[in-house]
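**Q** can you look at this prediction? I've put the sequence above it.
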Amino acid sequence: MKRMQDWTWVLLRALGSVVILFALTRILGKKQISQLTFFEYVTGITLGEITGYLSTDIENNYFHGLVAMSVWFFLPFIAELLTLRSKKLREWFEGKGTIVIKEGKILEDNLKKERYTADELLEQLRTKSVFRVADVEFAMLESSGDLSVLLKKENQPLTPANMGIQVAPEEEPQTVIMDGNIMDEPLSTIGLNRGWLHTELEKIGIPLENVFLGQVDALKQLYVDLYDDQLNVPEPQNKAVLMATLKKCAADLELYALSVQNPEAKVMYGDCSERMSKVAKDMVPLLTR
């Protein structure tokens, strides 16, 4: 009977400790589950240890454990509030970054200061797809332990901005099908409904039950990933069709301008053709990416 009471008491203590620890962690914020500073690392370990003791050590007073958890919760919570207002306190609690590479040269003294080896530095660089130290303009070892890397200008990836190419803004696609089930909220967010979705699936000949994931982009194009990976799904052609239609309109207007006899009509059709060609050119960044 006593064993049964002990087992029940351990279960209740464990459940209570988990609920309390979860609530405290939520209040402390997402930093507790991301890159931790030294102080957050110590806090997380200690709270976990106290929770473990509270769950299984039935000989000790449960209330005393809650007091200890409260202390280890309020201290980092107050420290976090203070560090929001003071840079010096932030540096003291969280530390600050250390420059380890400058203008392609490794700063050995700073590496020694952080007790960081050359092997560890090269490993961190490789995770950033950097294999030559000479390609790095600037690298800093952050207080979280992550390495931030800035490549030299000539080694940075080429972007449309470097080439003077205008691109359309990227909008977040909406996931409208997940695990074969229609997601109504994302559909309504982009102004669509189930009827439109079923019509699009019929166009590509795919039943809803075979769709693992479906997403709709800003141009109302549906992309699907199927459970059956052997099936090939045709790519949406909305962009290509729209671009072809614009070019055809420009060509038709130019043809009208050449065939019509009335001078005023000829000028009007020619002007409309130029405008339509300009519209098609302006739409290239949006319709050809």
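**A** It's in.

**Q** all contacts plus neighbour counts: C-alpha atoms, from now on.
**A** OK.

**Q** how about Phe138, secondary structure?
**A** strand (DSSP: H, G, I helix; E, B strand; the rest coil).

**Q** tell me, how many residues neighbour the closest residue to it other than its chain neighbours?
**A** Nearest residue to Phe138 in three dimensions, chain neighbours excluded: Lys102, at 4.7 Å (Cα to Cα, 6 or more residues apart in numbering). When neighbours are defined as other Cα atoms under 10 Å, Lys102 has 16 of them.

**Q** I'd say Lys102 and Asp135 touch.
**A** No - between Lys102 and Asp135 there is no contact, the gap being 10.5 Å when judged by Cα atoms under 8 Å.

**Q** please, where are all the strands along the stretch 151-289 of the chain?
**A** For the stretch 151-289 of the chain, the strands defined by DSSP state E, counting those that start in this stretch occupy 174-178, 181-182, 211-216, 222-226.

**Q** buried residues in the first one?
**A** Of the residues in strand 174-178, 174-177 count as buried by neighbour count, 16 or more other Cα atoms under 10 Å.

**Q** okay if I get those residues as TSV plus pLDDT and distance to Tyr227?
**A** Listed next are the buried residues of strand 174-178 as TSV, based on pLDDT from 0 to 100; distance: Cα to Cα, whole Å:
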residue	pLDDT	distance to Tyr227
Gln174	91	19
Thr175	93	16
Val176	93	16
Ile177	92	12
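
**Q** mind putting those residues in TSV, distance to Arg194 included?
**A** TSV is the format used below for those (distance: Cα to Cα, whole Å):
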residue	distance to Arg194
Gln174	14
Thr175	13
Val176	9
Ile177	11
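
**Q** list just the nearest of those residues to Ala251.
**A** Distance to Ala251 across the buried residues of strand 174-178 (Cα to Cα) is lowest for Gln174, with 35.7 Å.

**Q** report the beta-bridge partners for the closest one.
**A** Val216 (DSSP bridges).

**Q** ok, the one 4 residues further on next?
**A** Residues found in beta-bridge contact with Met178 (criterion: DSSP bridges) are Asn181, Leu213.

**Q** next, the contact list for it, please.
**A** 211-214 (Cα atoms under 8 Å, 6 or more residues apart in numbering).

**Q** of the residues you listed, which is the nearest to Leu122?
**A** Leu213 (38.5 Å).

**Q** distance of Gly195 from Pro207?
**A** 14 Å (Cα to Cα, to the nearest Å).

**Q** looking at those two, which is more packed in?
**A** Per other Cα under 10 Å, whichever of Gly195 and Pro207 has more neighbours is Pro207, with 12 against 8.

**Q** residues contacting the more buried one?
**A** Leu201.

**Q** quick one: the helices in this structure?
**A** 2-28, 38-56, 62-83, 87-94, 108-113, 118-127, 184-189, 194-204, 238-259, 263-282, 284-287 (DSSP state H).

**Q** most centrally placed residue in the chain?
**A** The residue lying closest to the centre of the chain (Cα atoms, centre = their mean) is Glu172, at 10.9 Å.

**Q** which ones are touching that one?
**A** So, once contact is read as Cα under 8 Å, 6+ apart, Glu172 ends up touching 217-218.

**Q** pLDDT wise, what is Ile20 at?
**A** With respect to pLDDT, Ile20 has a value of 66.

**Q** can the contacts of Met178 go into CSV with extra columns for neighbour count?
**A** Below are the contacts of Met178 laid out as CSV (neighbours: other Cα atoms under 10 Å):
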residue, neighbour count
Val211, 20
Phe212, 16
Leu213, 19
Gly214, 23
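
**Q** make CSV from those and add pLDDT and distance to Lys248 to it.
**A** Below are the contacts of Met178 laid out as CSV (pLDDT from 0 to 100; distance: Cα to Cα, whole Å):
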residue, pLDDT, distance to Lys248
Val211, 89, 35
Phe212, 91, 37
Leu213, 91, 35
Gly214, 92, 32
